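[1] test case, fold it:
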Amino acid sequence: MIDRSPGAASVKQLSDGAFGYVQPDGSWFINNCGFVDADGHAVLIDTCATERRTRALLSAVGDAVGPVTTLVNTHHHSDHTNGNYLVGGATVVGHRKTRETLLADGIQRYEGVFTDSDWGNLELRVPDLVFDDTVTLYAGHTRIDLVHPGHAAHTTNDVLVWLPDQRVLYAGDLVFNGGSPFALMGSVAGWRAALNVIRELDPAVILPGHGPACGLEAVDAVDDYLEFVQRAAETGKAAGRSPLEQAKATDLGGFAKLTEQERLAGNLHRAYAELDGAQWGAPLDLVAPLKDMLAWNGGPIRCFS
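    Numbers count the residues shown, from 1 in each chain. Below is the predicted model of the structure:
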């Protein structure tokens, strides 16, 4: 039995002064966070989906380093931002579109889609300081480069958090390690292009948004999956199948070992749109893809957040 409780999370040292907060098993809304020692206080990378998980995160960071004075969001998704409001007087930094999307969408609980979530009390807090392309901040003497890949990928507002001296990369959800990548709110093709940005950085260690710390082999695995989605979409379009029909007809092969397999149906909606000429990150109506994911799953999706 996998322990997915907040108490199962652990702090992993990735390099001098750089840490990962890893939550097993990395499934829906159970994300990783990171933090960097800033000489008695901390730069935190992302918060958690629920009140209790974020409180456990902040306790671990305080015990290891000290209070959080700066918080960086890697993108707008709720498992990385719902706990922002609990980070006291910290300055929240994020991409301009992260702020805009959070203000437009508010707190998302996806009622009827996921079951068993214990959200707790949640309040919306958006980035105070925004940027468009790149910006550099410092945690003590540690340089931290925040890099937007320049286009949509996992979302429209992904941010890579790169420590060039340590060669540590906090990848957010541009890297999943063990779970199915999810491109519905971004771009399948754009995500593949963004992976080349990671390859050019050549990190020694990557903390993915979900799953254990890894190296560039996980980047290649994400790329292989996204290429698989593109080929499945091409096959489905040629056969006149809907995204759900194609998802049901697709043999996952080696990708059957990944968790959250229902994401294939959502990913095919995005890949179909791109085959029809949609720009990377163009808005899609999410109702049909979410319904297809539920249909593929046979009902509401179990969530352990």
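
[2] so which residues make contact with the longest helix along the chain?
    The longest helix of the chain (DSSP state H) is helix 216-239. Identification of contacts with helix 216-239 by Cβ atoms under 8 Å, 6 or more residues apart in numbering yields 174-177, 180-181, 183, 188-189, 191-192, 195, 198-199, 202-203, 206, 208, 211, 242-243, 245-247, 249-250, 253, 255, 258, 264, 267-268, 271-272, 274-275. Quick note: C-beta positions are derived from backbone N, CA and C, even for glycine.

[3] in that helix, what counts as buried?
    Residues 216, 218-219, 221-223, 225-226, 228-230, 232-233, 236-237 are the ones in helix 216-239 that count as buried (16 or more other Cβ atoms under 10 Å).

[4] now swap in stretch 266-279 and tell me
    Neighbour-count burial for stretch 266-279, with 16+ other Cβ under 10 Å as criterion, is recorded at 266-275.

[5] residues contacting residue 64?
    Contacts of residue 64 by Cβ under 8 Å, 6+ apart are 11, 19, 35.

[6] sorry, wrong one. I was asking about residue 188.
    226, 229-230, 233, 267, 270-271, 274.

[7] tell me how far it lies from residue 109.
    From residue 188 across to residue 109, the span is 26 Å (Cβ to Cβ, to the nearest Å).

[8] ditto for residue 297
    Taking Cβ to Cβ, one finds residue 297 at 18 Å from residue 109.

[9] now the helices for the stretch 101-250 of the chain?
    Counting by DSSP state H, counting those that start in this stretch, the stretch 101-250 of the chain has helices at residues 188-201, 216-239, 243-249.

[10] could you give me the average pLDDT of the second one?
    Right, helix 216-239. Throughout helix 216-239, pLDDT has a mean value of 98.

[11] quick one, that helix and helix 188-201 angle?
    Helix 216-239 and helix 188-201 meet at an angle of 160 degrees, taking axes from the mean of the first three to the mean of the last three Cα atoms, to 10 degrees as the criterion.

[12] before we move on, back to that, out of the contacts of residue 64, which are inside helices?
    Those of the contacts of residue 64 lying in helices (DSSP H): none at all.

[13] what's the first-to-last distance across stretch 96-113?
    With Cα to Cα, to the nearest Å as the measure, stretch 96-113 spans 28 Å from end to end.

[14] in that stretch, what's buried?
    For stretch 96-113, the neighbour count (16+ other Cβ under 10 Å) marks 97-102, 113 as buried.
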